[in-house]
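A.B. asks: Pasting the sequence and the predicted model now:
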Amino acid sequence: MTLLYFSSETILNNFKSLNLREEQRYGKTNLERTTAFGAFFSLDITQKIVGNSVVDLHPKRSRDGRITPRKIMTAKYVDLFMPSLRQEDKDLVVREFGVTHVDGENARSFLSKAFSSNFLTQPLKKASVAASPIPYPSSRPAPIMILGVGPDKWSAGKHPNWKSNLLKFMEIRECGNDFFPLIVYLLRFRDLSPHVSSNFSTGLLLALGEFLTEELSEYLIENSTASQHDWREEGLLTNEMPVVDFRSIADNAENEMLVDLGSLMNNVEIEDVQEETNDTDVEWPNPDDVVGNPPFNVEVIRRILAALQSGSHLILIGPPGTGKTTLAKRIAERCKGNSYKLYTATSDWTTHEVIGGYMPDLKRPERLTFSPGLVTRALSDNEWLIIDEINRSDVDKAFGELFTFLAGKDVVLPQSFQEYNDAGDPIGRTKKIVLKVENDKDYEEEEYVVYEKKDDWRIMGTMNTFDKAALYRTRAGKPTLLRVG
């Protein structure tokens, strides 16, 4: 029998059409929806393998010595986002549909860790201790999974409204609500000859059914233009295994996003993480007003401002002398005027310098009292922070509880605060110190000293390119990065 595969051109063109429409390409939308897509499809594949609509994802569950559903789902997630089978493309990953990214030789390991952190460790673990099952994603655009089901709440399944909600993940893409490009990507390296004959869409349905559940396979075909294609006339298929040049659509933003000023600055790359809120008191400038001299590309400024407006904190990475600090200061000045502080990190930094710690009391040196650090002072004054050369510090040792705080959770510090009168006698009782995100939770003034983060508060840092990998090995996880130079 003659083999039949989607042609390289068919695969590449359809994959590119999965990108967001041009006017939507900012912020975290594509990244978030791609991640949720991946979790949903890897869940479906796992459902088919284990033969159950509810998948037990407990981290210590064993199935008679066989591979656990948790490991199966992780492996399928990784397979989905490794676009190429070629050894020379092992550094390519898909983090946003429509483009590829170069993530180094350990791309499979990166995807596995990202899935563990972004899905298994965070929302799934949270659901396991929640009072009731949690929809995923919890907000935009709509939930397509349910987490925290089953006897011990470690299982996951499809959301009751997944069929209508899944369309919302597609509506702002170049292909619209047509799932055909996604079908092509899912079948990019599968031999279709056993299935495709005179009825193209039926053949695709059978091919999808080899690894997806029947309900999802039928859904994809029904919501696609598969039946409108004539694969022979359009030349969609070929007799040879396709060699797709996914590297040609790698997101090389560094080659196009900044004006080249020689050694000063060459490029910028944006990678996403956490979001806090879109509500902010900052008077966000027009991107044209931030270009300045030396000039930055206005498109770069637009994307940076979009990231900041979405709530992200930024780290600018690049070789020395490429304009990282200049860029950070310019953004802070345009957004906050003089209401920001710039610090240069050192290897001696601990949480004492960053968050605060005990110091001798000025009136009674034999007595220790809490002294705010650069972060707590900035929170009090609602001043933005720029931490230059953050790579000089031991990030875990210096920033400690700050990572939990930046993730949107209140943090009670181990230190306490005691107020004294002019005579040196204590006033009231000792108070706990809390870093508070802006929320509805109230802390009694008699019991707490509160450092509250306003919605418009941001941190920007700079670091050298070669220290990027080291940052990922810290509790910082994966912050929003902009590569300069």
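C.D. replies: Looks like it arrived, so ask away.
A.B. asks: element containing His101, please.
C.D. replies: Following DSSP states H and E, one finds His101 within strand 99-102.
A.B. asks: helices or strands next to that strand in the packing?
C.D. replies: strand 92-96 (3 or more CB pairs under 8 Å, 6 or more residues apart in numbering; DSSP states H and E). Where C-beta positions appear, they are placed from N, C-alpha and C, glycine not excepted.
A.B. asks: Which elements pack onto the strand it packs on?
C.D. replies: If you count contacts as 3+ CB pairs under 8 Å, 6+ apart, strand 92-96 packs onto helix 29-50, strand 99-102, helix 107-115.
A.B. asks: show me where the stretch 101-250 of the chain has strands.
C.D. replies: Along the stretch 101-250 of the chain, the stretches classed as strands by DSSP state E, counting those that start in this stretch are 134-136, 145-149, 155-158, 237-238.
A.B. asks: now could you export just the CA positions of the strand holding His101 as CSV?
C.D. replies: Provided in CSV are the C-alpha atoms of strand 99-102 (Å, rounded to 0.1, in the frame of the first residue of the first chain):
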residue,chain,number,x,y,z
VAL,A,99,5.2,29.8,15.9
THR,A,100,7.9,27.6,17.3
HIS,A,101,10.6,28.5,19.9
VAL,A,102,14.2,27.5,20.5
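A.B. asks: Run through the bridge partners of Lys453.
C.D. replies: For Lys453, the beta-bridge partners are Val437 (DSSP bridges).
A.B. asks: try the one 10 residues further on
C.D. replies: Listed beta-bridge partners, Met463: Ile317 (assigned using DSSP bridges).
A.B. asks: Now for it, how many residues are close by?
C.D. replies: If you count neighbours by other CB atoms under 10 Å, Met463 ends up with 24.
A.B. asks: just for the stretch 201-350 of the chain, where's the confidence low?
C.D. replies: Low-confidence segments of the stretch 201-350 of the chain (pLDDT under 70): 251-281, 283, 287-288, 290-300, 318-322.
A.B. asks: And the helices in it, which stretches?
C.D. replies: 214-222, 231-234, 298-309, 324-336 (DSSP state H, counting those that start in this stretch).
A.B. asks: Can you point out the buried residues in stretch 166-175?
C.D. replies: Neighbour counts over stretch 166-175 (16 or more other CB atoms under 10 Å) mark 166-167, 169-170, 172-175 as buried.
A.B. asks: Now the two most distant members of these.
C.D. replies: Leu166 and Glu174 (17.3 Å; CB to CB).
A.B. asks: Ser201 touches Ser227, doesn't it?
C.D. replies: Yes. Using CB atoms under 8 Å, Ser201 makes contact with Ser227 at a distance of 4.3 Å.
A.B. asks: who's more crowded, these two?
C.D. replies: Taking neighbours as other CB under 10 Å, Ser201 and Ser227 compare with Ser201 leading, 19 against 13.
A.B. asks: what is the mean pLDDT for stretch 359-379?
C.D. replies: Stretch 359-379 shows a mean pLDDT of 84.
A.B. asks: And for stretch 447-466?
C.D. replies: Average pLDDT, stretch 447-466: 84.
A.B. asks: Same check on stretch 17-29?
C.D. replies: The model assigns stretch 17-29 a mean pLDDT of 73.
A.B. asks: switch to numbering from 675
C.D. replies: Renumbered: residue one is now 675, and that last one reads stretch 691-703.
A.B. asks: Neighbours of the spatially closest residue to Ala881 that is not a sequence neighbour, how many?
C.D. replies: Leaving aside its chain neighbours, Ala881 sits nearest to His869 (4.8 Å; criterion: CB to CB, 6 or more residues apart in numbering). As a burial measure, His869 scores 20 neighbours (other CB under 10 Å).
A.B. asks: Isn't His869 up against Leu882?
C.D. replies: No. Counting by CB under 8 Å, His869 stays clear of Leu882, with 9.3 Å between them.
A.B. asks: how far away is the nearest residue to Pro743 once chain neighbours are set aside from Ser812?
C.D. replies: Counting by CB to CB, 6+ apart, Val729 is the residue found nearest to Pro743 once chain neighbours are left out, at 4.9 Å. Between Val729 and Ser812 the computed distance is 19 Å (CB to CB, to the nearest Å).
A.B. asks: Would you indicate which residues of the strand holding His775 are buried?
C.D. replies: Buried residues in strand 773-776, defined by neighbour count with 16+ other CB under 10 Å: 773-775.
A.B. asks: got a list of contacts for that strand?
C.D. replies: 690, 693, 757, 765-769, 920-921, 923-925 (CB atoms under 8 Å, 6 or more residues apart in numbering).
A.B. asks: quick one: it to chain centroid distance?
C.D. replies: 15 Å (CA atoms, centre = their mean, to the nearest Å).
A.B. asks: Mind checking the pLDDT average for that strand?
C.D. replies: 83.
A.B. asks: Also stretch 807-820?
C.D. replies: Here the average pLDDT along stretch 807-820 is 88.
A.B. asks: where does the residue of the chain most remote from its centre fall, phi/psi-wise?
C.D. replies: For the chain, the C-alpha farthest from the mean C-alpha position belongs to Ala1097; by CA atoms, centre = their mean, that distance is 52.5 Å. Here is the backbone geometry of Ala1097 (degrees, to the nearest 10): phi -80, psi -10.
A.B. asks: go on, Ile1060?
C.D. replies: The phi/psi pair for Ile1060 (degrees, to the nearest 10) is phi -120, psi 120.
A.B. asks: I'd like to check which residues are in contact with it.
C.D. replies: Residues counted as contacts of Ile1060 (CB under 8 Å, 6+ apart) are 999, 1002-1003, 1006, 1014-1017, 1133-1136.
A.B. asks: What does the pLDDT read for it?
C.D. replies: 92.
A.B. asks: more crowded one of Val729 and Ser812?
C.D. replies: Val729 (23 against 11).
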